[in-house]
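Enquirer: have a look; sequence and predicted model below, questions after that.
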Amino acid sequence: MSTEEKSAAPRSLAEALRVRDDVSLAALLRSRPDLITPVPTDLTQLATRAGTRASVVRALERLDRFALQTAEALAVAPDPASYGELLALMGGDEEDPAVAAALPRAVALLREQALVWGADDRLRLVRTARELLAPSPQHPSPTGLGPSVREATAGMSPGRIQEILGAVGLPSTHDSVSAVSALGALFADRRRMAALLAELPEESREVLARLVWGPPYGQVTHDPAPHLRALLDRGLLLPTAPGTVVLPREVALHLRAGRAHRAPEPVPPPVEAAATHRPQVVDATAAGQALAALATVEELLKEWDEGGPAVLRAGGLSVRDLKRTAVALDVPEPVAAFWVELAYGAGLIASDGEADERYAATPAYDEWRELPPAERWAHLAGTWLTATRTPGVVGGRDAKDRTLSALGPNLDRSAAPEVRHRVLALLAGLPEGASPVEASVLARLRWERPLRGPQREQRETGTGDARDDDLRSRIARWTLSEAELLGVTGRGALAAPGRALIGAPEAPRPAAETEPRGPGDKLPVHHHRTPPAATAPTPAERAAATATAARLLAPLFPEPLDHVLLQADLTAVAPGPLERELADVLGVLADVESKGGATVYRFTPGSVRRALDAGQSAADLHAFLARHSRTPVPQPLTYLIDDVARRHGRLRVGAASAYVRCDDDATLDEILADKRAAALGLRRLAPTVLAAQADPAALLEGLRAIGFAPAAESAAGDVLIARADSRRTPPRAAPEPVPDGPPAPDDTLLAAAIRAVRAGDLASTTPRKPSPGGGEGDGGSGAPGGSLPRTGAAETLATMQAAVLTGEALWIGYVNAEGAASQRVIAPIRVEGGFVTAYDHTADEVRTYPLHRITGVAELADDAG
């Protein structure tokens with residue numbers, strides 16, 4: 001490298017950032033938004049923040065597997081390392097062509113993320129990342145490599161080092177530093193190292209083979225066996241502590257043929273298609289699931305319409321209430337938890353906030369019900385896609401070993417929206433109508449966001465379960481099942497509305513085959529490029545995506561029906577979704593017996609009585625059925641309605657505590673004679689009146705249980721219409737997602753932040769002219785290096801006035817009203833009344849500053865650019 005090239009090479013991360021253009025800085029800040037929270041004052045502060053432990057850990061966790069392997073290789077490479085040395089560590093002596101092709105992208109990604117800086121001949125991993133990834137006894141390297149010869153012999157006596165040199169046939173040296181260098185050079189020399197290993201007994205080589213891929217540490221006794229002694233004498237194993245030895249890094253790399261990783265993964269694993277179906281079948285299946293999802297949510301809210309279950313003291317739904325809800329919805333408990341959480345996330349249910357706190361529907365539920373079906377589904381699907389609350393963890397344990405309950409706290413998982421969106425994006429990359437192999441989706445996600453720590457070590461060494469339940473994998477499995485429940489997918493393939501929901505382009509059609517395939521057919525494998533750093537969609541983009549999804553789904557929904565098919569077995573069949581008015585009345589008049597493609601309702605004496613209690617008359621019910629049935633009203637149903645109506649209201653129950661009144665005293669005699677009525681505490685007050693010790697509600701239920709059909713009456717003697725009052729909470733906002741770190745900045749914020757950082761950097765790095773009172777190293781401004789300039793009031797005023805005449809820029813120190821100090825580069829325009837009006841290069845706008853708040857001023861050097 002020439003002297004000019006050396007001087008031009010960056011000497012720090014701050015200098016490397018300083019030569020970047022705005023596009024490159026924007027890419028860095030977009031991928032690491034924590035760096036501009038708050039906006040740094042200059043590029044030096046930005047570089048410092050980029051090297052903090054928390055920020056580096058977050059950046060490492062967002063690397064794909066090959067980029068992380070590249071960073072791990074740099075952590076065990078010399079500092080700095082050349083690109084050729086890095087390629088040798090990644091590709092080995094055989095130079096894997098796939099690794100060679102993928103390595104430039106990985107290095108560019110690490111540079112973009114400010115984890116690596118420097119030219120190709122001097123690549124440097126930021127210090128914090130090297131500390132996190134470099135091997136140590138407390139934190140073994142993911143590469144399985146141990147310390148270098150220099151690090152392992154740091155505490156070894158000079159005499160022992162000279163003995164090792166003699167054992168391997170090297171001449172002795174005058175100092176330990178040159179001795180260690182000679183030993184390291186021997187271990188790195190492939191030819192000489194092969195000859196040295198050939199002299200060892202087979203048992204010694206087997207020991208090295210067991211340590212070569214890690215962990216590199218082993219235990220020995222105070223009197224090692226001969227084959228171990230041979231390794232210790234030659235420095236092939238070096239002691240690190242009493243009874244502990246380590247395989248030096250250079251030796252391990254020779255045995256590995258130069259590779260830092262056992263299995264580099266330069267190419268992401270493909271997402272495999274399990275089966276393909278016609279797109280029309282997929283969309284129709286998804287539409288059916290979407291209708292079922294709407295019906296399930298409405299059924300849940302109908303169940304809780306008069307006031308849902310109580311809220312636990314710690315928040316959430318009790319296990320018993322969740323089981324009861326699952327029975328009511330006829331679904332397993334985990335699925336019930338999903339629907340409850342979805343309704344809660346969509347703002348349809350919430351706590352009522354009363355003293356006896358219970359869950360109930362919100363006013364937003366009534367607004368939601370009035371929307372068209374496709375828009376109602378789009379609202380639910382959009383909520384599910386962006387929610388951080390994760391129903392799959394319900395029933396698990398939190399950090400304090402407490403059970404996680406539905407609707408309770410601690411259910412937010414910040415990674416959930418990203419994983420859901422990524423899973424659907426992987427499905428969108430398959431040919432239209434193709435469903436994925438679940439294992440291939442999980443493998444792809446693990447490559448894009450590899451595990452760190454013990455789980456990853458187990459997976460790479462083969463000691464862990466292939467279905468390791470890390471959080472991202474569990475969220476991915478839940479995503480596949482929840483998407484099917486919700487109708488985002490159909491038969492496992494992404495439907496057209498689901499594709500629109502994530503903003504994916506139109507799916508690629510298979511070129512030669514349109515017929516459905518079975519699982520046994522040979523299906524194509526689809527390779528995907530590593531996705532760029534995704535930015536969160538804006539609210540406007542999300543609204544547009546949900547609107548598009550609703551528009552695509554609407555034609556797939558059948559038109560609501562205005563009729564049912566009445567049958568002689570006291571059932572009614574709804575062959576499709578019903579109009580809302582018809583469904584509401586039929587839901588009171590009959591009980592749902594089964595659901596599916598068609599809904600079966602059953603008429604019972606209790607359901608008919610429920611309709612009569614709600615204010616309907618027998619004539620109203622006959623007219624309603626005749627109007628909405630495509631078949632003649634069966635006689636058994638007519639008889640059932642007339643029989644229940646004839647007996648309904650003959651008995652009247654009011655408040656005395658409670659009384660029973662009936663014009664037929666024989667009916668009252670029958671009640672008094674029935675042993676089942678003993679618990680009601682009845683006694684006759686008059687021939688047509690009975691008094692009871694029970695309250696009116698209990699008396700009504702008791703008489704109905706015996707087989708009578710009493711009606712409640714008011715104090716005036718009128719029949720009370722028992723129409724249930726819907727319970728609503730006060731207006732409640734839907735729960736906000738809990739983001740994983742600071743939100744991704746938009747383009748406007750990025751542009752403003754970059755402009756501010758560059759302006760602040762200009763103010764802090766612009767050279768100043770020397771002044772007569774300046775000291776050495778302070779730029780002549782009377783300020784020590786890095787501090788604010790200091791000049792007297794008269795000198796400050798004179799310099800400002802001169803700059804107005806000459807149009808020159810000045811460097812000033814400024815303290816605002818809050819006492820915060822900053823340095824700025826300004827071009828004065830006018831000085832009057834104790835204020836200076838100037839163009840502020842730091843803020844990129846014209847501002848006015850009080851002169852008494854300016855600490856000092858200095859002229860910029862002539863070559864300041």
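Expert: Received, thanks. Residues are numbered from 1 along each chain as shown.
Enquirer: where does pLDDT dip in this structure?
Expert: 1-8, 451-469, 506-536, 597, 649-657, 714-726, 763, 766-787, 842, 861-865 (pLDDT under 70).
Enquirer: residue at max distance from the center of it?
Expert: Pro687 (72.1 Å; Cα atoms, centre = their mean).
Enquirer: for this protein, what's the longest strand?
Expert: strand 821-832 (DSSP state E).
Enquirer: and it, which strands flank it?
Expert: strand 810-815 (antiparallel), strand 835-840 (antiparallel) (DSSP bridges).
Enquirer: winner for burial among the ones you listed?
Expert: strand 810-815 (a mean of 23; mean count of other Cβ atoms under 10 Å). Every residue, glycine included, has its C-beta placed from N, CA and C.
Enquirer: and it, C-alpha only, in PDB?
Expert: Output of strand 810-815 as PDB, limited to C-alpha atoms (Å, rounded to 0.1, in the frame of the first residue of the first chain):
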ATOM      1  CA  LEU A 810     -17.800  31.300  11.600                       C
ATOM      2  CA  TRP A 811     -17.600  28.600  14.200                       C
ATOM      3  CA  ILE A 812     -19.400  29.500  17.400                       C
ATOM      4  CA  GLY A 813     -20.200  28.000  20.800                       C
ATOM      5  CA  TYR A 814     -23.800  28.400  21.900                       C
ATOM      6  CA  VAL A 815     -25.700  27.600  25.200                       C
END
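Enquirer: chain center to it: distance?
Expert: Put simply, strand 810-815 sits 44 Å off its chain's centre (Cα atoms, centre = their mean, to the nearest Å).
Enquirer: just to revisit the earlier point, I'd guessed the residue farthest from the centre of the chain sits against Ala666; true?
Expert: No. Using Cβ atoms under 8 Å, Pro687 is not in contact with Ala666; the gap is 10.2 Å.
Enquirer: just checking, Ala73 touches Ala260?
Expert: Yes. Assessed by Cβ under 8 Å, Ala73 is found in contact with Ala260 at 4.2 Å.
Enquirer: can you map out the helices along the stretch 51-200 of the chain?
Expert: All helices of the stretch 51-200 of the chain, identified by DSSP state H, counting those that start in this stretch, fall at 53-61, 65-76, 83-91, 97-112, 127-133, 149-152, 158-167, 176-188, 190-198.
Enquirer: Gly347 versus Val836, what's the distance?
Expert: Going from Val836 to Gly347 by Cβ to Cβ, to the nearest Å gives 53 Å.
Enquirer: distance check, Glu370 against Ala554.
Expert: Separation of Glu370 from Ala554 (Cβ to Cβ): 16 Å.
Enquirer: nope, Ala50 is what I was after
Expert: Ala50 is 48 Å from Ala554, by Cβ to Cβ.
Enquirer: who's more crowded, those two?
Expert: Applying other Cβ atoms under 10 Å to Ala50 and Ala554 shows that Ala50 carries more neighbours, namely 24 against 16.
Enquirer: contacting residues for that one?
Expert: Leu13, Leu17, Leu28, Arg32, Leu35, Val56, Ala114, Val126 (Cβ atoms under 8 Å, 6 or more residues apart in numbering).
Enquirer: 6 Å instead, please
Expert: Leu35, Ala114 (Cβ atoms under 6 Å, 6 or more residues apart in numbering).
Enquirer: redo the strands paired with strand 821-832 as TSV? Include distance to Leu342.
Expert: Output for the strands paired with strand 821-832, formatted as TSV (distance: least, Cβ to Cβ, whole Å):
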stretch	distance to Leu342
strand 810-815	53
strand 835-840	51
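Enquirer: quick one: contacts for Ala364?
Expert: Contacts of Ala364 (Cβ under 6 Å, 6+ apart): Gly347.
Enquirer: rerun at 7 Å
Expert: By Cβ atoms under 7 Å, 6 or more residues apart in numbering, Ala364 lies in contact with Gly347, Leu348.
Enquirer: of the helices of the stretch 51-200 of the chain, which is nearest Gly741?
Expert: Between Gly741 and these, the tightest spacing by Cβ to Cβ is seen for helix 53-61, at 6.4 Å.
Enquirer: residues making contact with the closest one?
Expert: So helix 53-61 is contacted by 32, 34-35, 49, 68, 71, 113, 115, 126, 128-129, 132, 452, 741 (Cβ under 7 Å, 6+ apart).
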